[in-house]
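# Quick one: sequence and predicted model below, then my questions.
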Amino acid sequence: MAGTVFSVLLIASVAFAAHGGEGEHSIPWGNFALRVLNLVLFIGVIYKFAGSKIAGLFKGRRAGIKQELDDLQARKETAEKKLQDVEQSIANLEQEKEAILAEAKEQGEAIKQSIIQKAEESAEVIRSQAKVSAEQEAAVALEEMRAELADKVVEAAEKIVQSKLTKTQHENLVDEYLTKVVLN
């Protein structure tokens, strides 16, 4: 309130100085005092009835600003924590990526070894089948050669027998073998 009175007096002195000390216009000090008193009473009445509300308004505003600052600080801390979590998860993503790649490589190697093993087993089966098939073909070819050789031996024997045996010797030989075959 003292500040208000000081302000009013300051304004009044500025107004007095503005007239420049001319002698013809003097300040009516009585009228001025009544106006100052009227202003002081008006300010006093406003302070009496609305002073606590005005002070509460400024206190409430101060408390609101403080609360907003506290909320902003809490939000900032929450955002920083979330940022750290995101940075940590990004770092974890790199580690997870490396782990996934290593696991995929291991699985690829295992699949590769499995394929190679199956191919070797299949090759072994094919080799054994080819060996058996070759042995069978060789046996068949040997039998064919024996049969052909036997036919040629029989032909040669027939030629030799026909050239050396007479007809009577031949018939005796045939009868003798027929008798052996029938008796056995």
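The structure has been received and is ready for your questions.

# immediately after the helix with the most length in the chain, which helix or strand?
Longest helix in the chain, counting residues (DSSP state H): helix 29-164. Next in sequence after helix 29-164, counting helices and strands by DSSP states H and E, comes helix 167-183.

# now that next one, how far from the chain's geometric center?
Chain-centre distance of helix 167-183: 98 Å, with CA atoms, centre = their mean, to the nearest Å.

# so is residue 26 in a helix, a strand, or just coil?
Judged by DSSP: H, G, I helix; E, B strand; the rest coil, the three-state class of residue 26 is coil.

# How many neighbouring residues does it have?
Neighbours of residue 26 under the rule other CB atoms under 10 Å: 10. No exception for glycine: its C-beta is placed from N, CA and C like everyone else's.

# And for residue 141?
There are 10 residues near residue 141, going by other CB under 10 Å.

# And the longest helix of the chain, how far out from the chain middle?
The chain centroid and the centroid of helix 29-164 are separated by 3 Å under CA atoms, centre = their mean.

# do the same with stretch 159-169
Using CA atoms, centre = their mean, the offset of stretch 159-169 from its chain centre is 99 Å.

# helices and strands around the longest helix of the chain, which ones?
On a contact count with 3 or more CB pairs under 8 Å, 6 or more residues apart in numbering; DSSP states H and E, helix 29-164 meets helix 2-18.
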